[in-house]
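Novice: Fold the following.
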Amino acid sequence: MNTLLNIIWLVLSGFWLFLGYLAAGVIMCVLIVTIPWGIASFRIGLYALWPFGRTVVAKPTSGVWSFLGNVIWFLLAGLWLAIAHLVSGVLLCITIIGIPLGIADFKLIPVSLAPLGKEIVDL
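Specialist: Have a look, this model is predicted:
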C-alpha cells in the first residue's frame, strides 16, 4: 500500500515539492555559510519525494544550535516551502482519492518549517 501511495504522491505533488526543496538546497549551498541548511533541504526533499513508509523523529542530541538554525531556515526558505505544502495539500484534498495524500502533505509542514534537529527513519 505504501508503494502505491508513494507512486500517486510522486505524480501528483511529490516531484514538484522535491523541486522546491532542491532549489532551496542549491541556493543554500551556493552561499557557503548556509551549506548545513542546504544539506537539510536535500534530506527533507528526498523525504517529500517518497514519504509513505517513513517518518520524522526528533534527534535527542539536537540543542540550541538546531533551534537557532531553524529560525534562520524559517526566514530564508521554510515559510515558502510550508506554503507550498499547504497549497498542494488543499488541492489534493479536493478529490476523495487525494485526501490521504493531502493529510500527508499537511504532516510535512512542521518539517518544512524546522528541518534541523530532525531525523527521517523507516517505519
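
Novice: any chance you could map the strands in the protein?
Specialist: 54-58, 118-122 (DSSP state E).

Novice: out of the ones you listed, which comes closest to G38?
Specialist: strand 118-122 (15.6 Å; Cβ to Cβ). C-beta: built from backbone N, CA, C; applies to glycine.

Novice: With just CA atoms, put that closest one into CSV.
Specialist: Taking Å, rounded to 0.1, in the frame of the first residue of the first chain, the C-alpha atoms of strand 118-122 are listed here in CSV:
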residue,chain,number,x,y,z
LYS,A,118,15.0,16.0,12.9
GLU,A,119,15.8,12.6,11.6
ILE,A,120,14.0,10.5,8.9
VAL,A,121,13.5,6.9,9.9
ASP,A,122,11.8,3.9,8.3
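
Novice: Distance of the residue of the chain most remote from its centre relative to P115?
Specialist: Note on the chain: the largest C-alpha distance from the chain mean falls to I96, namely 23.2 Å (Cα atoms, centre = their mean). When distance is defined by Cβ to Cβ, to the nearest Å, I96 is 31 Å away from P115.
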